[in-house]
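Engineer: Take this sequence and fold it.
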Amino acid sequence: MPIRNFPFLSITPDNVPRPWLPIKVVNPHKGKDIFTYGLIDTGADECSMPSFFASQLGHDLNKGTPKGINTAGGLTTAYSHTTEIDIFGKDLKTVAYHIPNTLIDFTDGLQVVLLGVKNFLDQFILEIAYPKQNFSIKRK
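Structural biologist: Take a look at the predicted model:
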């Protein structure tokens, strides 16, 4: 189900409105999940989450597949774990899209969920209307 004209959101009162998307991230092996918001980031190669989410999802952070990644803060190690992502519509109840068995990099020093190209944007057509401060996504 396409998500049309989803408004940009300010996660905190002093933030600039950005393309945040309500998501639920699930550990398919443990059944644990987290509802959060992910920032659609066309400059991010992959999807990343703060490392502290790993334990909340029942992942052992260091047992994931390690890899070096470049961030705005420099080189760091991320640990990839298999997850599922549910993307919610404007009502925050309806699951518009489900992405099964996708790898997410859990990264120290990261404070927000980044929805990057691999395993997210490569599955969708994204339209952003900055003057109207909204965006739309649909499966390609």
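Engineer: How about the contacts made by the nearest residue to residue 67 once chain neighbours are set aside?
Structural biologist: The shortest distance from residue 67 to any non-neighbouring residue, by CB to CB, 6 or more residues apart in numbering, is to residue 78 (5.7 Å). For glycine as for every other residue, the C-beta is placed from the backbone atoms N, C-alpha and C. Residue 78 makes contacts with 48, 66-69, 105-107, as judged by CB atoms under 8 Å, 6 or more residues apart in numbering.
Engineer: Most neighbours of all those residues, which one?
Structural biologist: residue 105 (27 neighbours; other CB atoms under 10 Å).
Engineer: for that one, what are its contacts?
Structural biologist: Contacts of residue 105 by CB under 8 Å, 6+ apart are 46-49, 67, 69, 78-80.
Engineer: Between these, which sits nearest residue 113?
Structural biologist: Nearest to residue 113 among these: residue 49, at 5.0 Å, using CB to CB.
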